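Q: would you be able to build a 3D model of this:
(2 chains)
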Amino acid sequence: SQQGEEDPQALSIQEGENATMNCSYKTSINNLQWYRQNSGRGLVHLILIRSNEREKHSGRLRVTLDTSKKSSSLLITASRAADTASYFCASVPTDSWGKLQFGAGTQVVVTP
Amino acid sequence: DTGVSQDPRHKITKRGQNVTFRCDPISEHNRLYWYRQTLGQGPEFLTYFQNEAQLEKSRLLSDRFSAERPKGSFSTLEIQRTEQGDSAMYLCASSLGQGNGNTIYFGEGSWLTVV
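A: Below you'll find the predicted structure:
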């Protein structure tokens, strides 16, 4: 069973628009990691945010973390067709370093 | 840094046969993880190793599944007496150390289809 939830499940936008997706998790965490997955491929690491951080940037990506609400968000600015993929957040629980907890992901489609 | 390597990328097998997947982690990464992903779902944890020690196994990992990391480098995941429900992508990942800022890198996955 999935241990986290992403919202929305699917997102369709046009190139140049921003894409925002949210993630909730259930347990206390050490950090939270966001991944991208193209159809049929492995997961590509995007960004890691530690439990004592509130916001992090990497290129066109901005991640926030609210540990009081057990939630995180990923913002992709100025989206491109190449951003079309599924995006997953994965939380690393404090009681188990190895057990990344994934949600079902957000499927993003960016049309030219 | 050549990334996490998995082999084979695709495997089709008949129900009841045994299959084995291999994973080569990023060089010097002491932690290695196995996950399983079915269509439309996020990956689910199966097991992980620190060096050669298997530290945790999921309840998903029935007695038909076994994972090894004999020398603390590459790892194998064997599924015995495969069932159609085993059809999924098996993902391997690796990371360095244990701190709260260690990125976990995934490979391209091994697709298993049981017919």
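Q: please enumerate the strands of the chain.
A: Picking chain A for this. Here chain A has its strands, by DSSP state E, at A:5-7, A:10-14, A:19-24, A:29-37, A:43-50, A:55-58, A:61-66, A:71-76, A:85-93, A:101-102, A:106-111.
Q: the chain in question should be chain B.
A: B:5-7, B:10-13, B:19-24, B:31-37, B:44-50, B:53-57, B:65-68, B:75-79, B:88-95, B:105-106, B:110-114.
Q: rank those by pLDDT, which is bottom?
A: Lowest mean pLDDT within those: strand B:53-57, a mean of 90.
Q: close to chain A, is it?
A: Yes: applying CB under 8 Å from any CB of the partner chain, one finds strand B:53-57 touching chain A at B:55-56. C-beta here means a position set from N, CA and C on the backbone, and glycine is covered the same way.
Q: which strands or helices does that strand pack on?
A: strand B:44-50, strand B:65-68 (3 or more CB pairs under 8 Å, 6 or more residues apart in numbering or on different chains; DSSP states H and E).
Q: run the last query once more with 6 Å
A: For strand B:53-57, the elements it packs on are strand B:44-50, judged by 3 or more CB pairs under 6 Å, 6 or more residues apart in numbering or on different chains; DSSP states H and E.
Q: what's the strand it packs on packed up against?
A: Judged by 3+ CB pairs under 6 Å, 6+ apart, strand B:44-50 is in contact with strand B:31-37, strand B:53-57.
Q: out of these, which is the most enclosed?
A: Most buried of the helices and strands packed on strand B:44-50 by mean neighbour count (mean count of other CB atoms under 10 Å in any protein chain shown) is strand B:31-37; its value is a mean of 24.
Q: using CSV, write out every CA atom in that strand.
A: Output of strand B:31-37 as CSV, limited to C-alpha atoms (Å, rounded to 0.1, in the frame of the first residue of the first chain):
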residue,chain,number,x,y,z
ARG,B,31,23.6,1.1,0.9
LEU,B,32,21.6,-0.8,-1.7
TYR,B,33,17.8,-1.0,-2.0
TRP,B,34,15.3,-3.1,-3.9
TYR,B,35,11.8,-1.8,-4.8
ARG,B,36,9.0,-3.1,-6.9
GLN,B,37,6.7,-0.9,-9.0
